[in-house]
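Trainee: quick one, what's the 3D model for this:
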Amino acid sequence: MVNKQLALTLEDQRSPSLSEQSLQDFIISGRTAIGRTKVSAPLQILLDGGYLTGPGTLLHYGKGRTTLDSPAMEEVGLTVFDYDYVHCPAPELLGSSYSLVFCCYVVNTLPKGSRAHVYRQLAYACGGTVFIAARSDRIKGTPEPDNDGVRTSKGTFQKSYQSGELKAEAGQYFDIVENIKAKQGISIVACRRPKKLGILTLV
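Mentor: Below is the predicted model of the structure:
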């Protein structure tokens, strides 16, 4: 169902509320996407735990370069819609509500201000449960501190979430946030009941 607050055209809403810095953050974030030869580890955890089942709709937010995750979710009876600011731009999908949302390794690639935009988009898309996965392992090399994370030698941003940090951050946008048990180096939360937010910007 299209959110009735989104009365302006997609072109009108593409963005005066997003700063040039945030737009650049999303472009740089796209460089962190990697191709995979198997389903991503967070998705496999959710599938094995029975968290993702159909029928229903699912927004694959920030799909990156992966070509295996969406088919795996379709195999459990979900109708999957792919969105990625760089690799699969489809802003028209962000004005709708979905039974489930899967957002993997996105928030850990963006500075705090740009992460807030992502959380707002996830909250608007939430028609049931939003699953957010982020890295919590040690970032290799000798990156430079930047914002609340680090800037790598490739110029990309990375944040390693400590215990409870992802849950606390998501709790600013959702009334119910639960940790999902994951393997070392991965944090996953399930979010429900989005808080009331302002008008959404579609990008």
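Trainee: CA only for contacts and neighbour counts going forward, please
Mentor: Will do.
Trainee: which strand or helix spans S187?
Mentor: Assigned by DSSP states H and E, S187 belongs to strand 186-194.
Trainee: need phi/psi at the most centrally placed residue in the chain.
Mentor: Closest to where the C-alpha atoms of the chain average out (CA atoms, centre = their mean) is C103, at 3.3 Å. C103 adopts backbone torsions of phi -130, psi 110, taken as degrees, to the nearest 10.
Trainee: wait, it sits on A133?
Mentor: Yes - between C103 and A133 a contact is recorded at 6.3 Å, counting by CA atoms under 8 Å.
Trainee: show the low-confidence segments of the chain, by residue range.
Mentor: 1-17, 141, 198-203 (pLDDT under 70).
Trainee: ok, 80 please
Mentor: Scanning the chain for pLDDT under 80 picks out 1-18, 33-37, 66, 139-143, 197-203.
Trainee: residue farthest from the centroid of it?
Mentor: The chain, farthest from centre, CA atoms, centre = their mean: T142 at 26.2 Å.
Trainee: distance check, that residue against T152.
Mentor: For T142, the distance to T152 (CA to CA, to the nearest Å) stands at 8 Å.
Trainee: tell me how many other residues surround the nearest residue to F174 once chain neighbours are set aside.
Mentor: For F174, ignoring the flanking residues on the chain, the nearest one in space by CA to CA, 6 or more residues apart in numbering is P194 at 4.1 Å. Counted with other CA atoms under 10 Å, the neighbours of P194 add up to 25.
Trainee: and the closest residue to R65 other than its chain neighbours, what does it touch?
Mentor: Of all residues beyond its chain neighbours, the one nearest R65 is G35 (5.3 Å), with distances taken as CA to CA, 6+ apart. G35 makes contacts with R65, T66, T67, as judged by CA atoms under 8 Å, 6 or more residues apart in numbering.
Trainee: the residue nearest to F174 and Q121 touch, don't they?
Mentor: No - the criterion here is CA under 8 Å, and P194 misses it with Q121 at 10.5 Å.
Trainee: ok, the closest residue to G62 other than its chain neighbours - contacts?
Mentor: Among residues not flanking G62 along the chain, D84 sits closest, at 4.2 Å (CA to CA, 6+ apart). Residues near D84 by CA under 8 Å, 6+ apart: Y61, G62, K63, G64, A90.
Trainee: emit the ChimeraX select command for whichever of those are buried.
Mentor: Provided next is the ChimeraX selection string for whichever of the contacts of D84 are buried by 16 or more other CA atoms under 10 Å:
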select :61,62,63,64
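Trainee: specify which member of the contacts of D84 is nearest to C126.
Mentor: Checking the contacts of D84 against C126 with CA to CA, the nearest one is Y61 at 11.4 Å.
Trainee: from R151, how far out is that closest one?
Mentor: Separation of Y61 from R151 (CA to CA): 23 Å.
Trainee: kindly report the same for R192.
Mentor: 31 Å.
Trainee: now do G56
Mentor: Taken as CA to CA, the span from G56 to R151 is 38 Å.
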